[in-house]
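A.B. asks: what shape does this take:
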Amino acid sequence: MAVKKTSPVYALVGSESFLQMEALREVLASLGKSVQRIDVEGESAALATVLDELRSYAMFGGSKLVIVRDADAFITQFRSQLEDYVEAPSDSGTLVLRVSALPKSQRIYKFIDKLGGIVPCEPLKQAQLPKWLIDRAKQAHQMKLMPEAAALLAEMIGDDLVKLDSELAKLALMSDDQTIDTKLVGGGVVYQREREMYELTNALATGNATEALRRWRQLVQADASAEFRATTWLGMWLEDVRNVLIGNTEKLAWKYRDNMAKFVTNAKSLGPAGLRRTLDLLAEIDRQSKSGVGNAAENIERFILSLAVKK
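C.D. replies: Numbers count the residues shown, from 1 in each chain. Got it, this is the predicted structure:
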């Protein structure tokens, strides 16, 4: 939803900080360079101070912009007074409330909505990402992002809007005709999810279960879908182990080019019997995760902990 440039009160509603910052940037741009910006913390802000700032003019002319960060508690504490203000807002200042949630049933939501100041900033779902990418490419980077390329980019990077926008900026520099297609995306975007999972399995390949566990915890924290892809990648790594055990290492040389010797040593120390036990454990963990037994991420962590290579 585009920011309405004439609203005296805005509520940036949602936990997606990238969308909140973009909305705030649009509000600032609409008010001109002479606007006086005042930021306050919602948990400690005094209502009288905020209202005084809004009702007084800037010292050197122009208007004022008062931004209340983390305003959920601020609204809860002063809802009645804020509702009175929003019904008759000052013409000398603009109020921006940055909130994680604001129920539509509340009067303050209805008042701000009537002014045109509600700006949704909720995290986007996977299905929403391609359209957002196409719009963002056009508006922020003056590029035409093809629908297929948008879908591919969303699949490769995920729902991190900061990373997605960063990749768009890189692709814009790489494009010769202001168009981004699947070829450009496929050749220019780092496969972030796959690279991080590769680094995890590479740590296992060298017998460093501690490093693998550290990477797994980071990956789960950054990418909630990782737990659903981990079994596939771990299975691929165990297939590499099997190839080492049968002497089929030609195709693995590039993949493990930095630590091939150590990978071979650790694979052989696991041996055929150890490989069978590890495959059985991975299959059991996959079955448990799919049947709701335990937490999927914790199941994978348990699997990684079991793989400390015995010297």
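
A.B. asks: how long is stretch 3-15 end to end?
C.D. replies: 17 Å (CA to CA, to the nearest Å).

A.B. asks: secondary structure element for residue 287?
C.D. replies: helix 260-290 (DSSP states H and E).

A.B. asks: got the buried residues for that helix?
C.D. replies: Neighbour counts over helix 260-290 (16 or more other CB atoms under 10 Å) mark 260, 263-264, 266-267, 270, 274-275, 278-279, 282, 285-286, 289 as buried. Heads up, the C-betas are built off the backbone N, CA and C, glycines and all.

A.B. asks: do stretch 240-257 as well
C.D. replies: By neighbour count, with 16+ other CB under 10 Å as the criterion, the buried positions of stretch 240-257 are 240-241, 244-245, 249, 252, 255-256.

A.B. asks: now, the most widely separated pair of those?
C.D. replies: 245 and 255 (16.1 Å; CB to CB).

A.B. asks: what is the lowest-pLDDT residue among the buried residues of stretch 240-257?
C.D. replies: The lowest pLDDT within the buried residues of stretch 240-257 belongs to residue 255, with 75.

A.B. asks: any idea how far residue 140 is from residue 133?
C.D. replies: According to CB to CB, to the nearest Å, residue 140 and residue 133 sit 11 Å apart.

A.B. asks: need the residues touching each of those two.
C.D. replies: Residues touching both residue 140 and residue 133 (CB atoms under 8 Å, 6 or more residues apart in numbering) are residue 168.

A.B. asks: got the buried residues for the lowest-mean-pLDDT helix or strand in the chain?
C.D. replies: Of all helical and strand segments in the chain, the minimum by mean pLDDT, DSSP states H and E falls on helix 192-205, at a mean of 77. Going by neighbour count (16+ other CB under 10 Å), the buried part of helix 192-205 is 192-193, 196-198, 200-205.

A.B. asks: need the contact partners of it.
C.D. replies: Here helix 192-205 has contacts from 156-158, 163, 209, 211-212, 215-216, 218-219, 222-223, 226, 229-230, 233-234, 236-237, 240, 256, 259, 262-263, 266-267, 304, 307, using CB under 8 Å, 6+ apart.

A.B. asks: okay, the angle between that helix and helix 260-290?
C.D. replies: 110 degrees (axes from the mean of the first three to the mean of the last three CA atoms, to 10 degrees).

A.B. asks: ok, back up a step: neighbour count: residue 140 and residue 133, which is higher?
C.D. replies: Neighbour count, other CB atoms under 10 Å: between residue 140 and residue 133, residue 133 has more, with 26 against 13.

A.B. asks: give me the distance between the more buried one and residue 171.
C.D. replies: To residue 171, residue 133 is 10 Å away according to CB to CB.

A.B. asks: nearest residue to residue 125 other than its sequence neighbours?
C.D. replies: Spatially, and ignoring its direct neighbours in sequence, residue 125 is nearest to residue 159 (7.7 Å; CB to CB, 6 or more residues apart in numbering).

A.B. asks: let me fix that, I meant to ask about residue 55.
C.D. replies: Closest residue to residue 55 apart from its sequence neighbours, by CB to CB, 6+ apart: residue 90 at 4.7 Å.

A.B. asks: the one you found in helix, strand or coil?
C.D. replies: coil (DSSP: H, G, I helix; E, B strand; the rest coil).

A.B. asks: for residue 122, grab phi and psi.
C.D. replies: Main-chain torsions, residue 122, degrees, to the nearest 10: phi -80, psi 150.

A.B. asks: repeat that for residue 254.
C.D. replies: Dihedral pair for residue 254: phi -70, psi -40, per degrees, to the nearest 10.

A.B. asks: also residue 41?
C.D. replies: Main-chain torsions, residue 41, degrees, to the nearest 10: phi -90, psi 130.

A.B. asks: list the contacts for residue 236?
C.D. replies: Residues in contact with residue 236, defined by CB under 8 Å, 6+ apart, are residue 201.

A.B. asks: quick check: residue 68 is in a strand.
C.D. replies: Yes: judged by three-state DSSP, residue 68 forms part of a strand.

A.B. asks: neighbours of it, how many?
C.D. replies: Residue 68 sits with 24 neighbouring residues when counted by other CB under 10 Å.

A.B. asks: kindly report the same for the one 5 residues further on.
C.D. replies: Using other CB under 10 Å, the number of residues around residue 73 comes to 15.

A.B. asks: what's next to stretch 272-287, contact-wise?
C.D. replies: 231, 234-235, 238, 241-242, 245, 270, 293, 299-300, 302-303, 306-307.
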